[in-house]
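1. A predicted structure for the sequence below; I have some questions about it.
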Amino acid sequence: MLKKTNKRILSMAMAFVMAGSCVFGALAEPTDSQAAKKPKLKTKSVSLNVGKKKTIQITGKRKKAKYTFKASNKKIKVSKKGVITAVKKGTAKVKVSETYKKKKKTIGTVKVTVKAKVVAKKTVTPQVSAPPIVSASATPAASPSAPAVQSEAPTIEPTPIVRPTIEPAYETKTLDFDGSTSKVVESELTVPLEKAMLYGGLCTVTAEFTQETGSAQDISVGYDGIYLSFKKNGAYIDKNSFKDEPMSDVQTFSCPSGEKTKQEFTFEVPKYSKDFNLKFSGAGMFTVEHVTVKTQPFASADYASMVANSTASTGNNARIKKAIAKAQAGEDVTIAYLGGSITEGFAASETDNGDCYAETSYKQFKKIFGAGDGSNVHFINAGMSGTPSSLGIVRYQRDVLDQMKTGEYPDILFIDFAVNDGNDADTYESVIRTALEQGSAVVLMFVLYTGGCAHEKEYTQYGKYYDLAMVSPANGMASCKKEEFDKWFYWIEGNTDTSYGHPDVGGHRYMADCITNMFLTIDQEDEEEDNIADINDIPPKTSDTFQGMKTLLSSTDLSQNPSVKSVDPGSFSMLTDSAQNTLQYIKDGIEKMQWFPDVWMHTSSTGSDSFKATINCRSLIVAYKMPSGSSSGKADCYIDGKRVGTMGGSGWNNAGLLRALQEDEVKEHELEIRMQDGDEKKPFTIFAIGYCD
């Protein structure tokens, strides 16, 4: 039976992680202190092996309240402090109650699943022979009657377990001046902090100052560096116009002679800042000591908690732990990301998409878990702007499976369609089931666009149903003020300072850190048994109509695709369409590759014959071009001679989608695409055809 457990995150052994819980829909800070103390269960479900323990976490506890815990059966035990101990395999519940001002009420129930005890594999400790004892001077061998000299084997100290961590984007650090906390400054001291404020935000410097000149003197604390500025062209920012600009800020105070003075300075640093240098200067000699530098995205942000609370679920960890183990052992591991423009990297960097959350999180995984230089960890970016899951399932073979350098299927697949999807729940589930059937670990990534993630709540149900890992950056921002978060997280897409859209460099780094937090959390969990032996034994929650979809292009080798019996392009004989959008990442060694370089295109000079294909299949989706203009024609789609829909309309050269066939059984069908009467002289492009055989 498939679990429906939505496990909460474990405590992280990361320097930058703190406990907490949050909901994106309530970014404003509470004004009523009593409302802020309303108790809620942070732990809502638990999965444990026999013998393991887990503490129930409650947020908003009241100081004078008493909390009690009651187990529903003897499968578990629960202590007065809420520590659950797994006793026997099965399921149970823990009712959690609060007694406050003599009133007792239930605040929630924790669902507990107890699994069989994991038996550790026996390890063989290598036997180390003691070296012979050799005297400084030669001595005769002992006589047979002499007692044998017993030498003691050396003690072997166990190798300490080093938990992996990442360098946080924001942190508080104490400056080290060549091993000392203090530094005597003659006029000026420059401390390079390099990329400390790459993503912009607040830099707070705290230090103690002393000077002995006999009178007060002015001491200045500031910073300098460069940032990448940009200008707006009409409604949008022209990112090609970025240029280096100097930046600096200085704050001065009067330091009395002979007294230690503690001062704090806060600087607001713009985005895209680099070569960041902290500077201390004065008219004469002075001492600066106990210097701490705190960086944070904005005033209401607790970055560590934002990251820690973003792991909505670690799901069944078997496949991800398997991928981690493979990477650490030096075996090839592939991480693929399938999604839309945010996955692709739009607005992630001033020059390319190298700072996008997908590539950044891959690099972090590679650094933490890869063997040696991490070259055994591979990366596939299958993001494409405007992609809903209906197009994602059509592209999956071409943009993920056909990009594999080693193996057939990715070890880990991130799915990001909760922003672009409309009525696409069936194709969303089909992508999940396709990857699970192939053995991939599936992670649901809920990126943010213009203040939210439209289908996160809806699609979380699929994560629970299949017990998948889920990453929710929105979960990390309960203490953030929305206006501050938006300004830092999003790229300004309009001609005002409040017109936001895609995440930019800071937002992408935050989402990447959220993903890495999920990996590190899973790395510390006990390994579970894979809950999916065969996905086809599990009924779909909504639909599996498009599970296993393949991609048919004009360049497809039909000899390698026996289900496609024939393709007759007719008047759709042009195999390229130059008026297309291009990818923002380098694919197959090609920069700015067209979205669909291998198409079937009808033009005014190619005739009027229909496109025809004979395919053994049970479902079909046709992806076609929605041009930026009204000059394009419309085409009707027929299945076995019956008209099933019309394709056409204007867009921004993005893909339109027609679900031409949805059946339960595989049969031979004829697909025909015919220009409408009167549109024979107008252009029309078929991007790709998805089919399930």
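-> Arrived safely.
2. And for the residue lying closest to residue 689 once chain neighbours are set aside, the neighbour number?
-> Spatial nearest neighbour of residue 689, chain neighbours left out: residue 552 (4.2 Å); criterion: CB to CB, 6 or more residues apart in numbering. From N, CA and C alone the C-beta is placed, and that goes for glycine too. Residues contacting residue 552 under the criterion other CB atoms under 10 Å number 26.
3. Quickly note the distance from residue 89 to residue 574.
-> 63 Å (CB to CB, to the nearest Å).
4. Comparing the two, which shows the higher neighbour count?
-> residue 574 (18 against 13).
5. so who does the more buried one touch?
-> Counting by CB atoms under 8 Å, 6 or more residues apart in numbering, residue 574 makes contact with 599-603, 606.
6. Can you report phi and psi for it?
-> Phi and psi for residue 574, reported as degrees, to the nearest 10, are phi -80, psi 130.
7. quick one: residue 508 is in a strand?
-> No - when classified by DSSP: H, G, I helix; E, B strand; the rest coil, residue 508 is found to be helix rather than part of a strand.
8. wait, doesn't it sit right on residue 346?
-> No - contact criterion CB atoms under 8 Å: residue 508 and residue 346 do not qualify, at 9.8 Å.
9. So these two - more neighbours on which side?
-> residue 508 (29 against 22).
10. Show me the shaky parts of the stretch 351-500 of the chain.
-> Filtered on pLDDT under 70, the stretch 351-500 of the chain yields the residue ranges 351-353, 494-499.
11. One more: the chain?
-> Within the chain, the segments meeting pLDDT under 70 span 1-37, 117-166, 230-241, 349-353, 494-499.
12. where along it do the helices fall?
-> 303-308, 318-328, 341-344, 357-369, 389-399, 425-437, 456-466, 482-489, 505-523 (DSSP state H).
13. for those, which one sits closest to residue 450?
-> Closest approach to residue 450 among the helices of the chain is made by helix 482-489 (8.7 Å; CB to CB).
14. now that closest one against helix 505-523, angle please.
-> Interaxial angle of helix 482-489 relative to helix 505-523 (axes from the mean of the first three to the mean of the last three CA atoms, to 10 degrees): 90 degrees.
15. Flag every buried residue along helix 482-489.
-> Across helix 482-489, burial judged by 16 or more other CB atoms under 10 Å covers 484-489.
16. With stretch 588-604 instead?
-> Quick answer for stretch 588-604 (16+ other CB under 10 Å): 593-597, 599-603.
17. Among those residues, find me the one that's closest to residue 67.
-> The closest of the buried residues of stretch 588-604, once distances to residue 67 are taken by CB to CB, is residue 595, at 55.5 Å.
18. longest strand in the protein, by residue count?
-> Assignment by DSSP state E gives strand 273-296 as the longest strand of the chain.
19. Mind listing the strands that strand pairs with, and their directions?
-> Here strand 273-296 is paired, per DSSP bridges, with strand 172-174 (antiparallel), strand 182-194 (antiparallel), strand 201-210 (antiparallel), strand 217-233 (antiparallel).
20. could I have it exported to PDB, CA atoms only?
-> The C-alpha trace of strand 273-296 is given here as PDB (Å, rounded to 0.1, in the frame of the first residue of the first chain):
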ATOM      1  CA  SER A 273      27.300  43.400  -6.200                       C
ATOM      2  CA  LYS A 274      30.700  41.900  -6.300                       C
ATOM      3  CA  ASP A 275      34.300  42.700  -5.300                       C
ATOM      4  CA  PHE A 276      32.900  43.800  -2.000                       C
ATOM      5  CA  ASN A 277      35.500  45.400   0.400                       C
ATOM      6  CA  LEU A 278      34.900  46.500   3.900                       C
ATOM      7  CA  LYS A 279      37.000  49.600   5.000                       C
ATOM      8  CA  PHE A 280      38.000  51.100   8.300                       C
ATOM      9  CA  SER A 281      39.800  54.500   8.300                       C
ATOM     10  CA  GLY A 282      40.800  57.300  10.600                       C
ATOM     11  CA  ALA A 283      43.100  60.300  11.000                       C
ATOM     12  CA  GLY A 284      45.600  58.400  13.100                       C
ATOM     13  CA  MET A 285      46.300  55.100  14.700                       C
ATOM     14  CA  PHE A 286      43.400  53.100  16.300                       C
ATOM     15  CA  THR A 287      42.500  49.600  17.200                       C
ATOM     16  CA  VAL A 288      39.500  47.700  15.900                       C
ATOM     17  CA  GLU A 289      38.400  44.400  17.500                       C
ATOM     18  CA  HIS A 290      35.600  41.900  17.700                       C
ATOM     19  CA  VAL A 291      34.400  42.700  14.200                       C
ATOM     20  CA  THR A 292      31.300  40.800  13.100                       C
ATOM     21  CA  VAL A 293      29.700  41.100   9.700                       C
ATOM     22  CA  LYS A 294      26.000  40.000   9.400                       C
ATOM     23  CA  THR A 295      24.500  39.800   5.900                       C
ATOM     24  CA  GLN A 296      20.800  39.300   5.300                       C
END
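21. Any idea how many residues pack against residue 605?
-> Counted with other CB under 10 Å, residue 605 comes out at 9.
22. gap between it and residue 580?
-> 19 Å.
23. same deal with residue 411?
-> With distances taken as CB to CB, residue 411 is found 32 Å from residue 580.
24. Quick check on these two: which one has the bigger neighbour count.
-> Shown here are residue 411 and residue 580; by other CB under 10 Å, residue 411 has more neighbours (23 against 18).
25. What are the phi and psi values at the more buried one?
-> Phi and psi for residue 411, reported as degrees, to the nearest 10, are phi -70, psi -40.
26. how about it, what does it touch?
-> Shown in contact with residue 411 (CB under 8 Å, 6+ apart): 319, 322-323, 326, 333-335, 440-441.
27. Including neighbour count and distance to residue 45, could the residues you listed go into JSON lines?
-> Output for those, formatted as JSON lines (neighbours: other CB atoms under 10 Å; distance: CB to CB, whole Å):
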{"residue": "319", "neighbour count": "26", "distance to residue 45": "20"}
{"residue": "322", "neighbour count": "17", "distance to residue 45": "23"}
{"residue": "323", "neighbour count": "24", "distance to residue 45": "24"}
{"residue": "326", "neighbour count": "17", "distance to residue 45": "29"}
{"residue": "333", "neighbour count": "27", "distance to residue 45": "29"}
{"residue": "334", "neighbour count": "24", "distance to residue 45": "31"}
{"residue": "335", "neighbour count": "26", "distance to residue 45": "27"}
{"residue": "440", "neighbour count": "21", "distance to residue 45": "24"}
{"residue": "441", "neighbour count": "26", "distance to residue 45": "20"}
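28. quick one: which of those residues is nearest residue 200?
-> residue 335 (27.7 Å).
29. ok, for that closest one, nearest residue in space, not its chain neighbours?
-> Per CB to CB, 6+ apart, closest to residue 335 is residue 412, 4.7 Å.
30. I figured the one you found hits residue 337, correct?
-> No - between residue 412 and residue 337 there is no contact under CB under 8 Å: 9.2 Å.
31. which of these two has more neighbours?
-> Shown here are residue 412 and residue 337; by other CB under 10 Å, residue 337 has more neighbours (28 against 24).
32. List the contacts of the more buried one.
-> Residues counted as contacts of residue 337 (CB under 8 Å, 6+ apart) are 343, 358, 362, 380-383, 413-414, 416, 445.
33. leaving aside the residues next to it on the chain, what's closest to it?
-> Nearest non-adjacent residue to residue 337 (CB to CB, 6+ apart): residue 358, at 3.9 Å.
34. and what of residue 509?
-> Nearest non-adjacent residue to residue 509, counting by CB to CB, 6+ apart: residue 169, 5.0 Å away.
35. try residue 673
-> Counting by CB to CB, 6+ apart, residue 673 lies nearest to residue 611, which is 4.2 Å off, once chain neighbours are set aside.
36. just checking, the one you found touches residue 684?
-> No - at 9.5 Å, residue 611 does not count as touching residue 684 under the criterion of CB under 8 Å.
37. Which neighbours do those two have in common?
-> Joint contacts of residue 611 and residue 684 (CB under 8 Å, 6+ apart) are 572, 602.
38. show me what contacts residue 510?
-> With CB under 8 Å, 6+ apart, residue 510 has these contacts: 169, 297, 303, 306-307, 473, 476, 489, 503.
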